[in-house]
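# got a predicted model here, sequence first, then my questions.
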Amino acid sequence: MTDPVLERRDSMPIGTAVVRAGEAVDVAGWRGRFTFQELVTNTATGQQWANVFGGPPGRERARSVSPDRVRRAPGSRTAVQLALELGPRPPGPGAA
């Protein structure tokens, strides 16, 4: 069931550019490689956060960060290219 208060978008403006779901991004203050997943807005409060996947090798996971910490990675790659480099993803929450 979808929460009517949360608006989800698969792209996010960064300066004059736009990052789309699956593109490689850097997260200020964190090491590792990340893939942008979505921009979420709470329409009741106006609060926003970006959902990304990645991290240091061996510690990759889904994370939520303030959109102002997300930057396009130099030489951005797609999720498929990153998946080949990072290896298999562990099952998400609720996986059997």
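Thanks, I have it.

# the residue nearest to Arg9 when sequence neighbours are not counted: neighbour count?
Here the nearest residue to Arg9 in space, its sequence neighbours aside, is Leu39; by Cβ to Cβ, 6 or more residues apart in numbering that works out to 4.7 Å. Any C-beta I mention is one placed from the backbone N, CA and C, and that applies to glycine too. With neighbours defined by other Cβ atoms under 10 Å, the count for Leu39 comes to 20.

# would you confirm that Leu39 contacts Gln48?
Yes - with contact defined as Cβ atoms under 8 Å, Leu39 counts as touching Gln48 (6.5 Å).

# need the overlap of contacts for those two.
The overlap between the contact sets of Leu39 and Gln48 (Cβ atoms under 8 Å, 6 or more residues apart in numbering) consists of Pro67.

# strands along this protein, start to end?
Counting by DSSP state E, one finds strands in the chain at the ranges 6-9, 11-14, 17-20, 24-27, 33-42, 48-55, 61-65, 70-72.

# now these in TSV, with mean pLDDT?
Putting the strands of the chain into TSV (pLDDT from 0 to 100) gives the following:
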stretch	mean pLDDT
strand 6-9	94
strand 11-14	92
strand 17-20	89
strand 24-27	94
strand 33-42	95
strand 48-55	96
strand 61-65	96
strand 70-72	93
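
# and the most centrally placed residue in the chain, bridged to which residues?
What sits nearest the mean C-alpha location of the chain, by Cα atoms, centre = their mean, is Val52, with 1.9 Å. Here Val52 shows beta-bridge partners Phe36, Arg63, assigned using DSSP bridges.

# isn't it up against Arg69?
No - with contact taken as Cβ under 8 Å, Val52 and Arg69 are classed as non-touching, separated by 9.5 Å.

# who touches both of the two?
Val27.

# export stretch 10-27 as CSV, just CAs?
Only the C-alpha atoms of stretch 10-27 are listed here, as CSV (Å, rounded to 0.1, in the frame of the first residue of the first chain):
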residue,chain,number,x,y,z
ASP,A,10,13.0,8.6,-9.8
SER,A,11,15.0,11.7,-10.7
MET,A,12,16.4,14.6,-8.8
PRO,A,13,17.9,18.0,-9.9
ILE,A,14,21.5,18.6,-8.9
GLY,A,15,22.5,22.1,-9.9
THR,A,16,21.8,22.4,-13.6
ALA,A,17,21.9,18.6,-14.1
VAL,A,18,19.5,15.9,-13.3
VAL,A,19,20.4,12.5,-11.7
ARG,A,20,18.1,9.6,-12.5
ALA,A,21,17.5,6.3,-10.7
GLY,A,22,20.4,3.9,-11.4
GLU,A,23,23.0,6.6,-11.8
ALA,A,24,26.2,6.6,-9.8
VAL,A,25,26.4,9.4,-7.2
ASP,A,26,28.7,10.6,-4.4
VAL,A,27,27.4,11.3,-0.9
